[in-house]
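A.B. asks: I would like the atomic coordinates for the input below:
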Amino acid sequence: MKNAEQLSRRQILAAAGFIGLATLTGCGSGEDGGDSKDLSKKQNGAMKEYRAGQQFKAAKPLSFSMLHNNNPVYPLKGDWLFWKEVTERTGITLKPVDVPLADYEKKRSVLIGAGDAPFLIPKTYHPSEVAFVSSGAVLPVSEYVHLMPNYQAKVKKWKLEPELDSIRQSDGKYYLLPGLHEKAKSGYSLSFRTDVLDDLGLTLPTTWDEVYTVLKALRQEYPDKYPWTDRWSTNTPFPCGALLSYLGQAYGVKAGWTYTNVTFDTKARKFVFNGATDSYRQMVEYLRTLVAEKLLDPESFTQQDEQAVQKLLAEKSYVISANPQELVQNYRYNLQKQVEGAKIEMVPVPLGPAGPVVLGGTRLENGIMISSEALKSDSFVAMMQFVDWLWYSDEGQTLCKWGVKGVTYTESGGRYELEPGISLMGSDPDAPKDLQKDYGFFNGVFTYGGSWALVSSSFSPDENAFQDAMTERSQLPIDPAHPLQSVEQEQATLWDTPLRDHVTQNTLKFVLGKRPMSAWDAYVTELKSKNMDQLVDLHNRAYERFSKENG
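C.D. replies: Below is the predicted model:
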């Protein structure tokens, strides 16, 4: 009952708007980040009254260290307008500890393990934070969100509590401040050469059965070509990770990039092994049919992205996985240069047995860990207020994404336009300036989450149409919270990797016909020998335990 009582008190305070720092620092028990006496010593530079929607400005100049994921596409520059603007608006100077993108996770672990981590550790994807929980190296940030009115307002308004429950640990707390989305955002689907379809009297498919029909017609017209060749198979643990992710949606399973060994069966009200379900098998059978009938290029599962794109541009294929950026900036742009009259369109994810659904859980994005050392700082409250404003307020998110109004962009009626001479991700190849490279805005360390209006403000017309269609679909419930205890987590980790590898390898074997579908039962037996049932039981026990303690 203790957790429930604390939650109730926080809700009451949130309704009151968290008026006054005294209210903020006096609202918690020891489990809410220390008593009022503790936080009263950590108010250096904090605003005495800080509310959602209010500009944060430190009472005195402060600086905080932050791990910075240095993207080679827009390498860090000390003179970015971003740094200057953040300091002018908030009184806070960020001190980035620069780490190359390729080494980010490894370097982050080393710094945390050595006790040398910066206070702020962004660009962390759940469940990466779990590795640092038992050592106490990172804060249970859920105990300090009463200092973050913008964060709490968005959680409440967008009803994100179930998503946050999904990242809680066995102590009921979560250790990552995730990016918060108002709506789930879909990223990938199929694209088709519509001029070729038009010539054959074909229409864009809306279901996977129709995809099959279109591919058959293309194969009949061009018998020496694979109608569909695909990409996103290298540098990823799952071949054709994008394809399997969105195809999995149609069957109601997590596959490809979204694959997890254990998933929740809402009908049975228990966790099951994803790669052994009937729905997963049906998805595999569908792909097996496409490969067997030479409708999908078997090289899709091994080739480099450039090879797949070149086949499309050379008209050796007419169908390929896409995201809205690749559709416009790569496929369409290059096809129009090379093939007269070529047109290509991306379709909403075709429907399958699961109906018009989108897999849940995508309203949380990568987020921020906070070093436990930060709690020792007398400026801890100010730091949390700053994090709240920069990453979670509408104003902070707009700054991080678009920059400074009148300098890098103009806005009217919710429509954002870059100032002349500024490009974003190739939007104006001839522009002398780039929003990311030259100004430091639209940086993945700071730009994620937000209202649908802000998230969609950078969409192309193609992406707007795609997202509008996808947001009309129902979002499947996310897996319920079932945090593992530290010993259980260690055991699960030992079982997880061999099981995942076996699923990956055999998915590919089944799809490519190197193993007959009649061997499916044998494959499931092999999974059992690798502790499949024990892993599922472990998760179900954790689910039952957490439900009983927090029911």
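
A.B. asks: Need the nearest residue in space to the spatially most central residue of the chain, chain neighbours excluded.
C.D. replies: Nearest to the mean C-alpha position of the chain, by Cα atoms, centre = their mean, lies Glu365 at 4.1 Å. Leaving aside its chain neighbours, Glu365 sits nearest to Gly179 (3.3 Å; criterion: Cβ to Cβ, 6 or more residues apart in numbering). Every residue, glycine included, has its C-beta placed from N, CA and C.

A.B. asks: Show me what secondary structure element comes after the helix or strand hosting the one you found.
C.D. replies: Assessed by DSSP states H and E, Gly179 sits inside strand 177-180. Counting by DSSP H and E, the next helix or strand C-terminal to strand 177-180 is strand 189-193.

A.B. asks: just to revisit the earlier point, okay, the residue nearest to Glu365 and Ser109: tell me how far apart.
C.D. replies: Noted for Gly179: a distance of 21 Å to Ser109, by Cβ to Cβ, to the nearest Å.

A.B. asks: Who has more neighbours out of those two?
C.D. replies: A count of neighbours by other Cβ atoms under 10 Å puts Gly179 above the other of Gly179 and Ser109, at 20 against 15.

A.B. asks: who are the neighbours in contact with the more buried one?
C.D. replies: 364-367, 391, 448-449 (Cβ atoms under 8 Å, 6 or more residues apart in numbering).

A.B. asks: switch to 10 Å and redo it
C.D. replies: Neighbouring residues of Gly179 by Cβ atoms under 10 Å, 6 or more residues apart in numbering: 122-123, 363-368, 391-392, 397, 447-450.

A.B. asks: Equivalent analysis for Ala453, please.
C.D. replies: Contacts for Ala453 (Cβ under 10 Å, 6+ apart) come out as 182, 394, 414, 416.

A.B. asks: confidence score at the closest residue to the third one other than its chain neighbours?
C.D. replies: Taking Cβ to Cβ, 6+ apart as the measure, Gly414 lies nearest to Ala453, with 5.8 Å between them; neighbours along the chain are not counted. Per-residue confidence at Ala453 stands at 93 (pLDDT).

A.B. asks: With Ala374 instead?
C.D. replies: pLDDT at Ala374 comes out at 96.

A.B. asks: burial measure for it, as a count.
C.D. replies: Ala374: 23 neighbours (other Cβ under 10 Å).

A.B. asks: That one contacts Phe64, correct?
C.D. replies: Yes: here Ala374 reaches Phe64: they are 8.0 Å apart, a contact under Cβ atoms under 10 Å.

A.B. asks: what touches both of these two?
C.D. replies: Counting by Cβ under 10 Å, 6+ apart, the shared contacts of Ala374 and Phe64 are 118-120, 383, 387.

A.B. asks: mind showing which ranges of the stretch 301-450 of the chain have poor pLDDT?
C.D. replies: 359-362 (pLDDT under 70).

A.B. asks: Double-check that Met66 belongs to a strand.
C.D. replies: Yes: assessed by DSSP: H, G, I helix; E, B strand; the rest coil, Met66 belongs to a strand.

A.B. asks: and the closest residue to it other than its chain neighbours, what does it touch?
C.D. replies: Spatial nearest neighbour of Met66, excluding adjacent residues (Cβ to Cβ, 6+ apart): Leu120 at 4.0 Å. Going by Cβ under 10 Å, 6+ apart, Leu120 touches 64-68, 94-97, 177, 368-371, 374, 383, 386-387, 390-391, 445.

A.B. asks: cutoff 7 Å now
C.D. replies: When contacts are counted by Cβ atoms under 7 Å, 6 or more residues apart in numbering, Leu120 touches 64-67, 368, 370, 387.

A.B. asks: Compute the distance between it and Ala522, please.
C.D. replies: Noted for Leu120: a distance of 50 Å to Ala522, by Cβ to Cβ.

A.B. asks: and Ala153, what element?
C.D. replies: helix 149-157.

A.B. asks: err, Leu247, not the other one
C.D. replies: Using DSSP H and E, Leu247 falls in helix 241-251.

A.B. asks: Please point out which parts of the helix or strand following that helix sit buried.
C.D. replies: Next along the chain after helix 241-251, taking DSSP H and E as the criterion, comes strand 262-265. Of all the residues in strand 262-265, those buried under the rule 16 or more other Cβ atoms under 10 Å are 262-264.

A.B. asks: mind putting these in a markdown table, distance to Ser460 and pLDDT included?
C.D. replies: Conversion of these to a markdown table gives the following (distance: Cβ to Cβ, whole Å; pLDDT from 0 to 100):
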| residue | distance to Ser460 | pLDDT |
| --- | --- | --- |
| Val262 | 37 | 95 |
| Thr263 | 33 | 93 |
| Phe264 | 35 | 93 |
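
A.B. asks: List just the nearest of the residues you listed to Arg51.
C.D. replies: Phe264 (37.4 Å; Cβ to Cβ).

A.B. asks: is that closest one in a bridge, and if so with what?
C.D. replies: Residues in a beta bridge with Phe264, per DSSP bridges, are Phe271.

A.B. asks: got a winner among the contacts of Leu120 for most neighbours?
C.D. replies: Result: Val387 is most packed of the contacts of Leu120 (other Cβ under 10 Å), 28 neighbours.

A.B. asks: which residues touch the helix or strand containing that residue?
C.D. replies: Assigned by DSSP H and E, Val387 belongs to helix 380-392. If you take Cβ under 7 Å, 6+ apart as the criterion, helix 380-392 is touched by 25, 39, 42-47, 50, 56, 58, 62, 64, 86, 90, 92, 119-120, 144, 147-151, 154, 180, 368, 374, 377, 396, 400, 446.

A.B. asks: What of stretch 432-443?
C.D. replies: Outside stretch 432-443, the residues touching it (Cβ under 7 Å, 6+ apart) are 73-74, 77, 80-83, 400-403, 408, 418, 421-424.

A.B. asks: Just the ones in strands from those residues, please.
C.D. replies: The strands, defined by DSSP state E, take in 418, 422-423 from those.

A.B. asks: tell me which residues of the strand holding Gly179 are tucked away?
C.D. replies: 177-180.

A.B. asks: so where's the stretch 151-300 of the chain uncertain?
C.D. replies: Within the stretch 151-300 of the chain, the ranges that satisfy pLDDT under 70 run 235-236.

A.B. asks: what does the stretch 451-551 of the chain give?
C.D. replies: In the stretch 451-551 of the chain (pLDDT under 70), the answer is 551.

A.B. asks: Please pick the buried ones from the contacts of Gly179.
C.D. replies: Applying 16+ other Cβ under 10 Å to the contacts of Gly179 flags 122-123, 363-364, 366-368, 391-392, 397, 447-450 as buried.

A.B. asks: what about the helices in the stretch 1-150 of the chain?
C.D. replies: Secondary structure of the stretch 1-150 of the chain (DSSP state H, counting those that start in this stretch): helices at 2-15, 21-26, 36-40, 81-90, 104-113, 149-157.
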